[in-house]
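1. no sequence on this one, just coordinates:
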């Protein structure tokens, strides 16, 4: 290592140590071990701190997000806008240096990490997006995209199933633009990895079809790390995993032990560490001027690279005006004008169709005008109906099954991996709107990724078919009960359950136009009629009145497949002398964003409100006084018979509505929307 | 294959085909391909249909649960109580042959499968339990336990991360009592596995430390399958994966295609299949008498094996009366008498302690008297505090880290695998009460396994620490918001959030005494005071009045760490002239099971009720009129500062209580517990 490299690595290490020390909280071990690799990687990366979202930058993903002090040190040193003052505020409330890397809060952080295994799967998504973007727009004479994705991951990431799923797929897809470093430091929270993690990781990744390399001394051997990166870049058809043997807490008196993983170093230890690295033991947060200047050179060189790239883009736009305009539009984050006019709309005369089929028709209709719309399914394509008729599979050309410009991804039975990959695709930029299909019940397998979509504002979409007991014979293991309650309770997650074709189009309109809110669209297996009174416009409010009465005796509020049943129940109640209004509430989040007056016009004071949905009633009391649902597991049988068995029929609903009317007779009733604070 | 074996295999195949045909729904492909292996395995297995829960039976797990027609055929043929009439009712409402194997509904089904990847992980749990039971009780001269676990799994199971996690751990643990068959039929729902699953599975399992074998012709070669089983049984320190190359839908005109996976065969196809197999093409559900007799021989031989085993048990009880009594007690499913007297109890004079620490004290106190209590952590032992001081790790003795009688399992960072393994341990029987630790937020990674715990009535326990924003610096990626709502919406799942030591003991009392309800115990990182008015007894009702007033102005209902804040708020409100009652509601499910009168005495008519909990308010309107919670993601910072920032303080609560009193002044108020139906 040259002197300046040594000093740079020491600076990174000590900034991280000082940050953890200032917070008296955090993880010094991994930053101490990984600083040389981080330095080597960043010296190979192209990026521009003044144009952080440059589409052809290399991406860096810290899958072992607890090592974020390392990342914050790098972002500070390379001028991404973080300062030493920010480092001093590490892990403090409302600082720009939170306890795990939050992409929304920290300039230069590509994806939010911390929950283990997510980052490496996000990196697979970034790599897919880069390949798809490059293959779609690069021309033999003009290259718009040739960036790499670098990822660091620890033993914890490797133990998580989500990383296994994504890594297996990355091998299949031959993503040679992905270079991952396994921090093989042999320590996890329970102590030595010998207690639980003794598999042969390298062999496993070879089995996935990865290129594997080893760096025996990650603590010191910058040259070997750099060579490994250059070697990895030679891979033509495989992602690369570099086994990097490091010493956790390198330089600390407790190096190589669990003690340095997740707790600040002792004051004496920090002093000896600084002395050992040639720094003043009594100074904190020191950035030697020569280090700043050294790294600034890299930034400057990179800025020239970006300037060249901009010239390439100009030439591209001139020579290929159609694609050029499309690229420019996508980079600006704008959808094609009037794209939404391609959304199908329906009238009650149209036939009854399953909403999963309506979803297919919608995808079919909007696909052509939206090159940024890509998606796939977790091995349920013929059930989810997620593949448009003219789709090309995203596959390595050598497989003969598709090519990298393909917009349909065969995810395999890997829901959690798919969810995290979707987040990575969204994080790439270029306005990607990406979706993934599975049964609603199995979106739960991906719960860890779904909550990160919402936290990180990734506008991804789950096409979640077979959304209730209506799926029938597959039975309770496949029938969602708690699922919608779970996802509705996640902040910033739109959970649509459309009742017909217009509502399905509204759900997609919301999903495609979203820039910061992920969507789950819950869709039926069974046919549903097209409703009188629905339209894309009214459904886009998230909730609206479908059957209106002056002074109704009761309002039935329902979602999805139960709306048509509520309409029938209303008719039946009418014949019994009751006025029953009907409200369709396809998405709680969207409805909650409407003006309060509007909300109250839909669910007004003075009327008892009964909610109907064939799953857990949990949470529905937010919008209703009484709830009819299913607070038990489902049953295996024919869909219509199960509906009947559980009384989700016009009779079952109307009798409960009648009881509701009776129960509230003579009582003063306020809308549940009213709030004391 | 001998003639009788051929006929038996054909019978199995055709029963499955007829069942799917009768239902016009289901999966004929895998049963046709797997029937020979199933026949070979069951001929090697020891079990007694007349004593289905015999502890030393071999276990059979169908991880690819969609192939359940195969399993139902076997259970019918071997006399487990299923009949041909049951097979005729395949997939019909309220039949004993549901669309996936439901352990609760079908006699002889060991674990509920269908959600892919779960079964093989359950099998790992069964194998762990067998090893632990054997090592605990077997004597050099008397063997009580030496059974095997057999599992079938498909490509879908292998793609799921949960199976990767469990398989990696199984290799580490050297579970040579586990023999798994990979149905390598090269077809999944999206078509050829070439589209998404091209990894080298055998190499991957070797990397995990498994013994691997191959059977080139699983369609016909019964001898090779049997030899592979015998070979697998020779493994002394590795689980075995047998790659079984089969033809999906073997014998069908559409064999080897996706077309036979999940749809009934055509009528003509069934006829030619029956003719091909030497059966009358016009008859359905045929069981040749010689097949019945042939299989009855195996059952009879097995019954003799069990009779021998019972003699061994008698000899054991005589020679080792202490262990013998313990074994008998465990097999009867009874807890030791007065075990609950070891539960710690507290008074307000006791110091403030984090509930995670109180959980540790509880485990420490009850551990010695409960040999069936085993548990572990997903690499968070020092944070979850799940390991008792005298614990021995469950490890292969060759590691020098423990032995197989150990009761502490190092799960590694594998939450989903842990959840499914816990289900397997519970399914073993012998009264195992097993727990797993992780942060509450990461129980979500295991959502797929948690819902199966509830559906299958496995009394497993999650020790879920760091249960709120109170965990502090780790920030939003680690702070639960939607988590409790998610789990509370799952039927038959107890979600405890104890507020102090007595409530923690009550939570464990509920968990240990449970025989059919899984528990999640949400525990704090931060210290909480011991409450005036709490006791194990009252907390065991799931909800109770902590501060009682005649005609209160408001009732504040809270859980966990917010109860003490509510108590302070009540005092503050008292000083302002308001009477504020306080209710602690540590577990919704338990509270819901109390007599309605009791519930109404806690949350009565006529008083506005305010709920307080530092996470999503979703679902709380079931118990309260107004909700104070956190319907956004958390923040990174010091725990107490975050509480203050979000106003979860006595002031923040009392001001909202005052607004609640004001808002409801003069209105007629009914308890939210009242229901119209």
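-> That came through fine. Keep in mind that this is a model prediction, so the values were computed, not measured. Numbers count the residues shown, from 1 in each chain, chains lettered A, B, ... in the order given.
2. Scan chain A for its longest helix.
-> In chain A, taking DSSP state H as the definition, the longest helix is helix A:289-319.
3. From the contact counts, what lies against that one?
-> helix A:3-23, helix A:68-77, helix A:321-332 (3 or more C-beta pairs under 8 Å, 6 or more residues apart in numbering or on different chains; DSSP states H and E). Quick note: C-beta positions are derived from backbone N, CA and C, even for glycine.
4. Could you identify which of the ones you listed is most buried?
-> helix A:68-77 (a mean of 27; mean count of other C-beta atoms under 10 Å in any protein chain shown).
5. Could you give the average pLDDT over it?
-> Mean per-residue pLDDT for helix A:68-77: 98.
6. For the residue nearest to residue A:514 when sequence neighbours are not counted, the count of nearby residues, please.
-> Excluding the flanking residues, the one nearest residue A:514 by C-beta to C-beta, 6 or more residues apart in numbering or on different chains is residue A:459, at 4.1 Å. For residue A:459, the neighbour count with other C-beta atoms under 10 Å in any protein chain shown is 22.
7. what about residue A:459, helix or strand, and which?
-> Here residue A:459 is covered by no helix or strand, with elements defined by DSSP states H and E.
8. Count the residues that sit near residue A:216.
-> Neighbour tally, residue A:216, other C-beta under 10 Å: 10.
9. For chain B, see how far away the residue nearest to residue A:514 is.
-> With distances taken as C-beta to the nearest C-beta, to the nearest Å, residue A:459 is found 17 Å from chain B.
10. Now for that residue: which residues touch it?
-> A:426, A:433, A:511, A:514, A:515, A:516, A:517, A:518, A:519 (C-beta atoms under 8 Å, 6 or more residues apart in numbering or on different chains).
11. Buried among these? Make that a ChimeraX selection.
-> Buried members of the contacts of residue A:459, identified by 16 or more other C-beta atoms under 10 Å in any protein chain shown, are gathered into one ChimeraX selection as follows:
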select /A:426,433,511,514,517,518,519
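12. For the contacts of residue A:459, give me a markdown table that also has pLDDT and secondary structure.
-> Below are these laid out as a markdown table (pLDDT from 0 to 100; DSSP: H, G, I helix; E, B strand; the rest coil):
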| residue | pLDDT | secondary structure |
| --- | --- | --- |
| A:426 | 98 | helix |
| A:433 | 98 | strand |
| A:511 | 98 | helix |
| A:514 | 98 | coil |
| A:515 | 98 | coil |
| A:516 | 98 | coil |
| A:517 | 98 | coil |
| A:518 | 98 | coil |
| A:519 | 99 | strand |
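13. Could you point out the member of the contacts of residue A:459 that lies closest to residue A:303?
-> residue A:426 (26.6 Å; C-beta to C-beta).
14. Now that closest one: closest residue in space that isn't a chain neighbour?
-> residue A:458 (3.9 Å).
15. now the helices for the stretch 451-600 of chain A?
-> Remark: helices assigned in the stretch 451-600 of chain A by DSSP state H, counting those that start in this stretch are A:483-488, A:501-513, A:536-539, A:561-575, A:588-592, A:596-602.
16. Tell me which of those helices lies nearest to chain B.
-> The closest of the helices of the stretch 451-600 of chain A to chain B is helix A:483-488. By C-beta to the nearest C-beta, the value is 3.7 Å.
17. Need the residues that contact that closest one.
-> Counting by C-beta under 8 Å, 6+ apart, A:440-441, A:443-444, A:447, A:450, A:493, A:495, A:497, A:520, A:522, A:588-589, A:613, A:615-616, A:618-619, B:447, B:482, B:485-486, B:489, B:618-619 sit against helix A:483-488.
18. How about stretch A:336-348?
-> For stretch A:336-348, using C-beta under 8 Å, 6+ apart, the contacting residues are A:329, A:358, A:361-362, A:365-366, A:368-370, A:500-502, A:505, A:508-509, A:512-513, A:529-532, A:534-536.
19. Backbone dihedrals for the residue in chain A that chain B sits nearest to, please?
-> Ranking the residues of chain A by distance to chain B (C-beta to the nearest C-beta) places residue A:161 first, at 2.0 Å. The phi and psi values for residue A:161, taken as degrees, to the nearest 10, are phi -60, psi -30.
20. low-confidence ranges in chain A?
-> Nowhere does chain A drop to pLDDT under 70.
21. From the recorded domain assignment, give the ranges for it.
-> A:3-303, A:339-528, A:539-664 (automatic domain parsing).
22. tell me the most buried of these?
-> domain A:339-528 (a mean of 24).
23. need the helices of the stretch 451-600 of chain A in CSV with distance to residue A:2, can you?
-> Shown next, in CSV, are these (distance: least, C-beta to C-beta, whole Å):
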stretch, distance to residue A:2
helix A:483-488, 52
helix A:501-513, 51
helix A:536-539, 63
helix A:561-575, 67
helix A:588-592, 54
helix A:596-602, 64
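24. Check the offset of stretch A:433-451 from the chain's centre.
-> Here stretch A:433-451 shows a centroid-to-chain-centroid distance of 9 Å under the convention C-alpha atoms, centre = their mean, to the nearest Å.
25. quick one: terminal-to-terminal distance for that stretch?
-> 18 Å (C-alpha to C-alpha, to the nearest Å).
26. Any part of it near chain B?
-> Yes: looking at stretch A:433-451 against chain B by C-beta under 8 Å from any C-beta of the partner chain, the contacts come from A:441, A:442, A:444, A:445, A:447, A:448, A:451.
27. Helices of the stretch 1-150 of chain A, start to end?
-> Using DSSP H, counting those that start in this stretch, helices in the stretch 1-150 of chain A cover A:3-23, A:29-44, A:68-77, A:84-88, A:118-137.
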